[in-house]
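# Predicted model, plus sequence, below.
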Amino acid sequence: MKQNYFFLFLILLILSSCNNEENLFSNDSYENVIEQSAFGESSLDKLKTHAVYYVNDEKALVFSSLEDYGFLLDSISKITDEEFSEWENRIGFESYRTFVNNIMEKTIETDRLQFSYPNFFEKNKELNMVIPKIKSYLYQSIVNKEGSFYIGNH
């Protein structure tokens, strides 16, 4: 598992060091760009960030930079589940976290999750229970149900 995080960190480091200065938001999706600081007075005041991102046609978050990715992760770590749900609804995004939680709420026999949804759940032998394949709750919050997000076009 640590190798996966190291590999992800390495990819993000390489992407951030690229000198390609292309405008990531020059396509037709520009009007979908969301700047969180525009939410104003609401329960989402804790989600203060200047991260620029949008939800693409794949229903995945697209960040303009590695810095924006970091800003949003930090902000999400500081809000409640209710505020997170409100944020998702406002931007038209369903995270892996929400998708998996909805399945778990509807499934009475949690042991069957592994067999009914093999792409999303696995058996943890140490805990003797079925858990989501993506274990980081924070990471679950920014990826779509396919486990994807983008930084620029990557």
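Sure, I can see it.
# Residue 68 against residue 61, yeah?
No: using CB atoms under 8 Å as the test, residue 68 is too far from residue 61 to be in contact (9.7 Å). Every C-beta, even on glycine, is put in place using the N, C-alpha and C of the backbone.
# Where does the prediction get shaky in the chain?
Across the chain, the ranges flagged by pLDDT under 70 are 1-50.
# give me that answer again for 50
2, 5-10, 12-43 (pLDDT under 50).
# which stretches of it form strands?
Using DSSP state E, the strands found in the chain span residues 34-35, 52-55, 61-63, 121-124, 129-132, 150-151.
# tell me, what's touching residue 68 and residue 61 both at once?
residue 53 (CB atoms under 8 Å, 6 or more residues apart in numbering).
# who's more crowded, those two?
Comparing residue 68 with residue 61 by other CB atoms under 10 Å, the one with more neighbours is residue 61, at 25 against 21.
# which ones are touching that one?
53-55, 72, 93, 142-144, 149-150.
# can you do 7 Å?
53, 55, 93, 142, 149 (CB atoms under 7 Å, 6 or more residues apart in numbering).
# Redo the residues you listed as a markdown table? Include neighbour count.
A markdown table is the format used below for the contacts of residue 61 (neighbours: other CB atoms under 10 Å):
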| residue | neighbour count |
| --- | --- |
| 53 | 27 |
| 55 | 19 |
| 93 | 19 |
| 142 | 21 |
| 149 | 20 |
